[in-house]
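*Asks:* Task: produce atomic coordinates for the following.
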Amino acid sequence: MEYLDLAPAAGAAGTIRLPGSKSISNRTLLLAALADGRTEIRDLLASDDTERMLEALAALGLPPQSLGELHWAVNGAAGRFPNDTADLFLGNAGTAFRPLTAALALAGGHYKLSGVPRMHERPIGDLVDGLRQLGADIRYLGNEGYPPLEILPAQIATGGVVKVRGDVSSQFLTALLMALPLACVRAGQATTIEVVGELISKPYIEITLNLMARFGVAVEREGWQRFVVPAQAYRSPGVIHVEGDASSASYFLAAGAIGGGPVRVEGVGRASIQGDVAFAEALEAIGARITMGENWIEAAAPASGKLRAFDRDFNHIPDAAMTLAVAALFADGPCRLTNIASWRVKETDRIAAMATELRKVGALVEEGPDWLRVTAPTTLIPNAAIDTYDDHRMAMCFSLVSLGGVPVRINDPKCTAKTFPGYFDAFASVCRR
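*Replies:* Below is the predicted model of the structure:
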């Protein structure tokens, strides 16, 4: 197995320019393909997940054009994919698999969608159930409720109410929201989506609605339970810039809070449309010193030098919350992360994985169905070999252990290519060895 040994770090300070947001990048690519007109996308994330979306659009007859580094153009087909048959491999990219499933189910073609083995363990049944309410013909090619999928041409009916669960993944609602305008325009009538149960990860829905509006479709929202999708067609905004990734910012902000700082991230700030900027507020609540501008955030350690213990609900920022599970190693008491059930169905079972790896460095860890409790050890165990489960966030989170002054080994460090291929170089640039 490939691995990377991180030397003990004496502190962290510096500035990082963030790569583009994965959530914004893949949403923007698909919306550009569904829109009427040509869209130039600047600062697009270069990663495995965006590669899968770029490949999928090419296979569907809408090959994006490279205009330079991180600069792409997509000629939209106004909701019609030129190729009405395709076999798409989407790796482990949920931000590509779920929205494409919805868009293709309403497009009237014959498609197959598959991914890596872990993607075939990630549930998609709630989305399929919602699409079937519209008349979509979707069939499971493996286990019921999970990819891979086959989509067949079908008569789509709009104008009524579609119900979808919101307590497993917000990507199911995002997929329906992004795809429904295609069918609504053809039928000339709006459709209402009703969310069943609590909607998790609400900030990611805010990203979806914001981007849809930039492409000309304004969804009427009644709280977080009802969304009225109008019969409006997507129109290209011409040029669109992708913000820096707020989830990726969390590792560097935590490094500043743990390692002295200040560490500044550029590309995301007060003007961001990403909910994960709330990670900075969570850090500030446990003692970190945070300053923020329109397009930057800076973090430094508490005046006391020690982060405060916490017991917080992280339903709104589940991805960034992983960073706080490792930051708990540097807190002055037991820390509890709650309402994180969605971790169980991510790239790996993140609650189980986080508990296993935190114990390797000496932490006392308890876990439940939707919570994790971490008590830091008196002294971190050096030279722990951290398994990453083909999960980019596990690899990036555990780099922070080196800021405890101990060496740590990260197995399969290349898994960060999913969202941040140059992560370990960037992390090394702010660490004082």
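*Asks:* Helices of the stretch 101-250 of the chain, residue ranges please.
*Replies:* 125-133, 170-187, 202-214, 246-259 (DSSP state H, counting those that start in this stretch).
*Asks:* In TSV, list those along with mean pLDDT.
*Replies:* Shown next, in TSV, are the helices of the stretch 101-250 of the chain (pLDDT from 0 to 100):
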stretch	mean pLDDT
helix 125-133	97
helix 170-187	96
helix 202-214	96
helix 246-259	98
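*Asks:* Can you say which of those is packed in most?
*Replies:* helix 246-259 (a mean of 29; mean count of other CB atoms under 10 Å). No exception for glycine: its C-beta is placed from N, CA and C like everyone else's.
*Asks:* Just the angle for that one relative to helix 202-214, thanks.
*Replies:* 140 degrees (axes from the mean of the first three to the mean of the last three CA atoms, to 10 degrees).
*Asks:* Which elements pack onto helix 246-259?
*Replies:* Secondary-structure packing of helix 246-259 (3 or more CB pairs under 8 Å, 6 or more residues apart in numbering; DSSP states H and E): strand 11-17, strand 260-266, helix 278-285, strand 296-300, helix 318-327, helix 392-398, helix 423-430, strand 431-432.
*Asks:* can I get the CA coordinates of it in CSV?
*Replies:* Extracted in CSV, the C-alpha atoms of helix 246-259 (Å, rounded to 0.1, in the frame of the first residue of the first chain):
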residue,chain,number,x,y,z
ALA,A,246,-15.4,25.7,1.9
SER,A,247,-15.1,22.0,3.0
SER,A,248,-11.4,22.0,2.0
ALA,A,249,-10.9,25.2,3.9
SER,A,250,-11.8,23.5,7.1
TYR,A,251,-8.5,21.6,7.3
PHE,A,252,-6.4,24.7,7.0
LEU,A,253,-8.5,26.7,9.4
ALA,A,254,-8.3,23.9,11.9
ALA,A,255,-4.5,23.9,11.4
GLY,A,256,-4.4,27.5,12.3
ALA,A,257,-6.5,27.0,15.4
ILE,A,258,-4.4,24.0,16.5
GLY,A,259,-1.0,25.1,15.4
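*Asks:* Over to Asp311: give its phi and psi.
*Replies:* phi -140, psi 100 (degrees, to the nearest 10).
*Asks:* Can you say which helix or strand has the closest residue to it other than its chain neighbours in it?
*Replies:* Once flanking residues are discounted, Asp311 sits nearest to Arg336: 4.3 Å by CB to CB, 6 or more residues apart in numbering. Here Arg336 is covered by strand 335-338, with elements defined by DSSP states H and E.
*Asks:* Centre of the chain to that strand, how far?
*Replies:* 21 Å (CA atoms, centre = their mean, to the nearest Å).
*Asks:* Give me the contact list for that strand.
*Replies:* Residues outside strand 335-338 that contact it (CB atoms under 8 Å, 6 or more residues apart in numbering): 309-314, 321, 324-325, 328, 370-375.
*Asks:* hmm, try it at 6 Å
*Replies:* 309-311, 313-314, 321, 325, 328, 371-374 (CB atoms under 6 Å, 6 or more residues apart in numbering).
*Asks:* Including mean neighbour count and distance to Leu380, could the helices and strands packed on helix 246-259 go into TSV?
*Replies:* Shown next, in TSV, are those (neighbours: other CB atoms under 10 Å; distance: least, CB to CB, whole Å):
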stretch	mean neighbour count	distance to Leu380
strand 11-17	18	16
strand 260-266	22	17
helix 278-285	20	20
strand 296-300	23	21
helix 318-327	27	11
helix 392-398	27	11
helix 423-430	18	17
strand 431-432	16	16
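*Asks:* hang on, the earlier thing: direction included, what does the strand holding Arg336 pair against?
*Replies:* strand 311-313 (parallel), strand 371-375 (antiparallel) (DSSP bridges).
*Asks:* now the longest one against helix 318-327, angle please.
*Replies:* Note on geometry: by the same axes, to 10 degrees, strand 371-375 and helix 318-327 are set 20 degrees apart in direction.
*Asks:* Now strand 371-375: average pLDDT?
*Replies:* For strand 371-375, mean pLDDT rounds to 98.
*Asks:* What are the contacting residues of that strand?
*Replies:* So strand 371-375 is in contact with 328, 334-338, 351, 358, 363-366, going by CB under 6 Å, 6+ apart.
*Asks:* Return a PyMOL selection command for the buried portion of those.
*Replies:* Of the contacts of strand 371-375, the buried ones can be selected in PyMOL as follows, counting by 16 or more other CB atoms under 10 Å:
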select buried, resi 328+334+335+336+337+338+351+358+363+365
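*Asks:* Closest one to Pro123 out of the contacts of strand 371-375, please.
*Replies:* Pro123 has its nearest neighbour among the contacts of strand 371-375 in Ile351, at 15.7 Å by CB to CB.
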